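Q: I'll drop the sequence and a predicted model, then ask my questions.
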Amino acid sequence: MEMNSTKCLTLATIVWMPHILIDEKANYPKIIGGSMLEVFDIFAKHLNICYSHQMVKDQTAGFKLPNGSWTGAAGEVFRGEADMTGLGLAVTDDRFAEFSFSEFLYQDEYTATYVRPTIESEISGFIKPFIPLVWILLLITAVVFGIAMSLVLLAHEKILESSARNDRPKKSSSSILSESWLWTLAPLLSQSVTRTIKCESVRVIAMLWLFVTFIITSVYRTSLLSLLVLPNIRLPFDNLDELAEADLPIWMPAGSSVDAFSKLAAKNSSLGRIQKNFKDRSGPPNVPLAVRAMAKGDHVIVAPRSALLYVTHGLFSQTFQTGKCTTYVMTEGFMKTFIQSLLFRKDSPLKAKFDPLIVRLREAGIFNHVYNKVISNATECLKSVRKQESSKARSLNLRDFIGSFAIYAAGIATAIPVFLAEVLLQRFGRQ
């Protein structure tokens, strides 16, 4: 077909954010914007052509069926129902064998997006300054110190009993044990001890314990304060391995390269393991509905980074006045550096016309300029989630102290009956 022909080019087009955008309220996909509209306007001006977008019925890029036919946008080009695609598609082996591809428009990679975790109060937050191993070692150390101190005090009392000093009051074993454990537990709770140790050998042990507990309690208080005020957010996943371990439902456009390659990947590989989490899809993919469901945490979306950056841009724009990023994009991508090119029928004369212009526009940065205009609000949300949130101090609320208050209440509840028992025993003992 000659480029100056009166017949306009028919472009097989699917919804592909941010390159092709549709009206979500329309019953039938109606194109209202996207970077490829501006790109094709440039093509039409320089090549002196006209064009029209033809929305693909099943809204998929297209893949080859066992009988040799093609689905989606590739299928319409293969059958001659369209002259070319209206946007860049990923160049895969099976497509490259059956079609002609233009010079690449964009380089891209696959990644995933999910709802951003929020900072919430945690009842068990008071135990977070130390890992479980530290708490266990601290418990063991306290028990060992308490036993050692009890044995030394008991031995010291035996030595005094065997000496000639019979005029001094004798201490019972229970009194010695209570004194030992009082000196063990009180410093750990930052409480003063009213009883004075007169045994020099025990004083050495006690002073060493006081020094150790001073360091432990100081580190605990400062770490707890930093965790409460400047918490560190833990992302559900930030790479493909973590996504496979997270075991979250995954949505992706039908006919996606990830869907195809995951079936060929080894079952124990990261790409093979995420296949079991793919959500069932029937009928044309509803991208806007999938985005809204992802924003509520119903599933993860796996797609090219360019598309997910536009999703981030759109969701951030909805909350622009409050400046909140409600989702995040996985930092580490996979299936990296695949290229997106226009697709033609094999040996189509259109390729020779479009390729020189594509190279000129790409090297001049026009494609990137057009693309960056439609994702401008995604910049803030691309910052590290941990760094972004950890730089903001969080006001403490009552829930942060529930755990500590619960332990305090349990201590009071235990102390009251013990106190009453001591009072009753002392009164009956006198009688």
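A: Perfect, I can see it now. Numbering: from 1, shown residues only.

Q: Asn107 contacts Gly333, doesn't it?
A: You called it Asn, but residue 107 is Gln. No: using C-beta atoms under 8 Å as the test, Gln107 is too far from Gly333 to be in contact (11.4 Å). Glycine gets a C-beta too; all of them are placed from N, C-alpha and C.

Q: which parts of the stretch 51-200 of the chain are helices?
A: Listed in chain order, the helices of the stretch 51-200 of the chain (DSSP state H, counting those that start in this stretch) span 72-78, 93-98, 132-162, 173-188, 200-229.

Q: ignore what I typed, I meant the stretch 301-431 of the chain.
A: Taking DSSP H, counting those that start in this stretch as the criterion, the stretch 301-431 of the chain carries its helices at 305-318, 350-363, 366-373, 385-390, 402-430.

Q: which of these has the lowest mean pLDDT?
A: Looking at the helices of the stretch 301-431 of the chain, the lowest mean pLDDT belongs to helix 385-390 (a mean of 52).

Q: burial of Ala82, as a residue count?
A: By the criterion of other C-beta atoms under 10 Å, Ala82 has 25 neighbours.

Q: I meant to write Phe278 there.
A: As a burial measure, Phe278 scores 17 neighbours (other C-beta under 10 Å).

Q: repeat that for Ala265.
A: Number of residues near Ala265 (other C-beta under 10 Å) recorded here: 16.

Q: pretty sure it contacts Asp259?
A: No: contact between Ala265 and Asp259 fails when scored by C-beta under 8 Å: they sit 11.1 Å apart.

Q: about what we covered before: mean neighbour count, the helices of the stretch 51-200 of the chain: which tops it?
A: Most buried of the helices of the stretch 51-200 of the chain, by mean neighbour count (mean count of other C-beta atoms under 10 Å): helix 72-78, with a mean of 25.

Q: keeping just the C-alphas, turn that helix into CSV.
A: Taking C-alpha atoms only, helix 72-78 is exported to CSV below (Å, rounded to 0.1, in the frame of the first residue of the first chain):
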residue,chain,number,x,y,z
GLY,A,72,-5.8,-10.6,19.8
ALA,A,73,-4.1,-7.7,18.1
ALA,A,74,-1.5,-10.0,16.4
GLY,A,75,-4.4,-12.1,15.1
GLU,A,76,-6.1,-9.1,13.4
VAL,A,77,-2.8,-8.1,11.7
PHE,A,78,-2.2,-11.8,10.7
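
Q: what's that helix packed up against?
A: Judged by 3 or more C-beta pairs under 8 Å, 6 or more residues apart in numbering; DSSP states H and E, the packing partners of helix 72-78 are strand 9-13, strand 84-85, helix 93-98, strand 99-115, strand 334-345.

Q: so which of the ones you listed is nearest Leu240?
A: Nearest of the helices and strands packed on helix 72-78 to Leu240, taken as C-beta to C-beta: strand 334-345 at 4.6 Å.

Q: ok, now how distant is Thr118 from Tyr328?
A: The spacing between Thr118 and Tyr328, counted by C-beta to C-beta, to the nearest Å, is 11 Å.

Q: okay, those two: which has more neighbours?
A: Using other C-beta under 10 Å, the more surrounded residue of Thr118 and Tyr328 is Tyr328, with 24 against 9.

Q: that one touches Leu235, doesn't it?
A: Yes: counting by C-beta under 8 Å, Tyr328 does reach Leu235; the two are 6.9 Å apart.

Q: leaving out chain neighbours, which residue sits closest to Ser52?
A: If the residues on either side of it in the chain are set aside, Ser52 comes closest to Cys8, at 5.3 Å by C-beta to C-beta, 6 or more residues apart in numbering.

Q: what's that neighbour in contact with, if anything?
A: Residues in contact with Cys8 (C-beta atoms under 8 Å, 6 or more residues apart in numbering) are Ile49, Cys50, Tyr51, Ser52.

Q: centre-most residue in this structure?
A: In the chain, the residue lying closest to the centroid (C-alpha atoms, centre = their mean) is Leu235, at 2.7 Å.

Q: and that one, its phi and psi?
A: Torsion angles at Leu235 (phi, psi; degrees, to the nearest 10) stand at phi -80, psi 150.

Q: now it: how far from Arg292?
A: Leu235 sits 21 Å away from Arg292, going by C-beta to C-beta.

Q: more crowded one of Gln107 and Gly333?
A: Neighbour comparison, Gln107 and Gly333: the larger count goes to Gly333, with 18 against 13 (by other C-beta under 10 Å).
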